[in-house]
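> Turn this into a structure:
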Amino acid sequence: MCARVVYYRMIMLKNKVLIIRFSSFGDIVQCSSVVELIRQKFSSGNEIHWATRSDFDFLVKLNSEVDKVWAFEKKRGLLGLIKFAMELRRQNYTHVYDAHNNLRSKLIKLILMSRLNAPELLTRSKDRWKRILLFTFRVNKFPKPFRGIESYIAPLAKWKIERTSDSRFVKWKFSSQVEEKVNSLIGLTQVISLVPSAAWEMKRWPLDHWKKLIQLLPEAHFVVLGGKEDLFCQELADIAPERVQNLAGKLSLVESCQLIQKSALVISADTGLLHVADVLGVKALSLMGPTAFGFTMSRLIKTLEVDLPCRPCSKDGSGKCSQAVWQRCMVEIAPTKVASEARCLIS
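I've put the predicted structure just below:
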């Protein structure tokens, strides 16, 4: 009987942490910054799990510090979500971090906390009142600049976890097949990765600016990253086909992440791939316009922006521009300035 009690206590002393973040690409990338910090706090003998949406589980699985990924399919509906939460409940987590804070995660928390021996709980605030003040009344109560990674790390203070370095936030492990494909495309060439697309057009740097940038850096080799729908990317390759490679729509997101890791420099607006550069410790130029929450953390990244009273006007680049010159905050980031900063970072 005594042996059983001792064994039970040994099990209970083991920390088992669950992170909940279902989507989207950029948010999961930024949230991944907490994994290694949690690992440092709770020794390697313990476990870290992550609950995410099935279409993003591939991204979480890149993180070698995550012991198990739980994938939820949206089509399973409410009943499926309850069954999913009950399955998580049987894992007997000691700590739960709700980094999403939406209806799905709240339901899961409710079920997880219904245990007699409930886990320690953290929830990342979405600061909804601050968002209303900013985007409705133009009163900005957010930190300036608002760094997404910092907002994911800050709640961990309740567990006495703090960030000590920003040189590298995550440990991602790419398969040999992914590495071989990326190496076959760029070889030993030092490349600058350009990310000219974004979900919302208002936060894209103008296409003519990208073309001018390529012309201003005749010594550089570029790869252009994007999706299948970004047909305009071919126009950039046409500027100098011998040193500009259009890979838009030709790589998976995992392969794009690996290419970001191998880049000498990344130039991007507020996109998921910019945040990949941020957490992997890759040099980058961040071209920030209308959005409020896309600022990076790493000292290896320099932010270029135009000081306008209307900024930020959007959380994601949707909405309308109030300026006489449409998208003025992006238009006035001059290609000459970007080229000059790129040379400084690479040298």
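> my read is Ile267 is in a strand, agree?
Yes - according to DSSP: H, G, I helix; E, B strand; the rest coil, Ile267 belongs to a strand.
> Near Leu304, how many residues? Count them for me, please.
Here the count is done by other CB atoms under 10 Å, and Leu304 has 16 residues near it. Yep, even glycine has a C-beta here, placed from its N, CA and C like the rest.
> Now for it: which residues touch it?
Residues in contact with Leu304, defined by CB atoms under 8 Å, 6 or more residues apart in numbering, are Leu285, Ser286, Leu287, Met288, Ile333, Lys337, Val338, Glu341.
> ok, the fifth one - contacts?
Contacts of Ile333 were listed using CB under 8 Å, 6+ apart, and they are Trp205, His209, Leu287, Gly289, Leu304, Glu305, Val306.
> try 6 Å this time
Each residue near Ile333 by CB atoms under 6 Å, 6 or more residues apart in numbering is listed here: Leu287, Leu304.
> That one belongs to a strand?
No - Ile333 is assigned coil when assessed by three-state DSSP, not a strand.
> quick one: it and Ser314, what's the gap?
17 Å (CB to CB, to the nearest Å).
> returning to what we had before: could the contacts of Leu304 be laid out in CSV, adding pLDDT?
CSV is the format used below for those (pLDDT from 0 to 100):
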residue, pLDDT
Leu285, 98
Ser286, 98
Leu287, 98
Met288, 97
Ile333, 98
Lys337, 98
Val338, 98
Glu341, 98
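> Now find how far off-centre stretch 148-157 is within its chain.
13 Å (CA atoms, centre = their mean, to the nearest Å).
> Just the CA atoms of the host helix or strand of Ile19, as PDB, please.
Here Ile19 sits within strand 16-20, counting by DSSP states H and E. Below are the C-alpha coordinates for strand 16-20, written out as PDB (Å, rounded to 0.1, in the frame of the first residue of the first chain):
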ATOM      1  CA  LYS A  16       2.300  18.200 -17.500                       C
ATOM      2  CA  VAL A  17       1.600  21.400 -19.400                       C
ATOM      3  CA  LEU A  18      -1.000  22.000 -22.100                       C
ATOM      4  CA  ILE A  19      -0.900  25.100 -24.400                       C
ATOM      5  CA  ILE A  20      -4.100  25.900 -26.300                       C
END
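> how close does the closest residue in space to Ile192 that isn't next to it in sequence sit to Thr189?
Excluding its sequence neighbours, the residue lying closest to Ile192 (CB to CB, 6 or more residues apart in numbering) is Leu265, at 4.7 Å. Between Leu265 and Thr189 the computed distance is 13 Å (CB to CB).
> try Lys283
Taking CB to CB as the measure, Lys283 falls 16 Å from Thr189.
> What of Ala240?
The gap separating Ala240 from Thr189 is 14 Å, by CB to CB.
> same deal with Asp270?
Look at Asp270 and Thr189: by CB to CB, they are 27 Å apart.
> again, but for Asp67
Applying CB to CB, the value for Asp67 to Thr189 is 37 Å.
> Could you do Glu242 as well?
From Glu242 to Thr189 the distance is 12 Å (CB to CB).
> Which one of the two is surrounded by more residues?
Shown here are Glu242 and Thr189; by other CB under 10 Å, Thr189 has more neighbours (12 against 6).
> Just list the residues touching the closest residue to the more buried one other than its chain neighbours, thanks.
With CB to CB, 6+ apart as the criterion, Thr189 has its nearest non-adjacent residue at 5.2 Å, and that residue is His221. Taking CB under 6 Å, 6+ apart, we find His221 in contact with Thr189, Val191, Arg243.
> May I see these organised as CSV, with distance to Gly80 and pLDDT added?
Putting the contacts of His221 into CSV (distance: CB to CB, whole Å; pLDDT from 0 to 100) gives the following:
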residue, distance to Gly80, pLDDT
Thr189, 47, 88
Val191, 43, 97
Arg243, 50, 97
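> So which residues of the stretch 151-300 of the chain form helices?
Secondary structure of the stretch 151-300 of the chain (DSSP state H, counting those that start in this stretch): helices at 176-186, 207-216, 233-239, 253-262, 272-280.
> could you point out the longest strand in the protein?
In the chain, taking DSSP state E as the definition, the longest strand is strand 47-53.
> what's the angle between it and strand 16-20?
Orientation note: strand 47-53 sits at an angle of 20 degrees relative to strand 16-20 (axes from the mean of the first three to the mean of the last three CA atoms, to 10 degrees).
> Pull the residues that contact strand 47-53.
Contacting residues not belonging to strand 47-53 are listed as 16-20, 22-23, 38, 60, 66-70, 72 [CB under 6 Å, 6+ apart].
> Relative to Gln323, which of these is nearest.
Set against Gln323, the nearest of these by CB to CB is Ser23 (31.1 Å).
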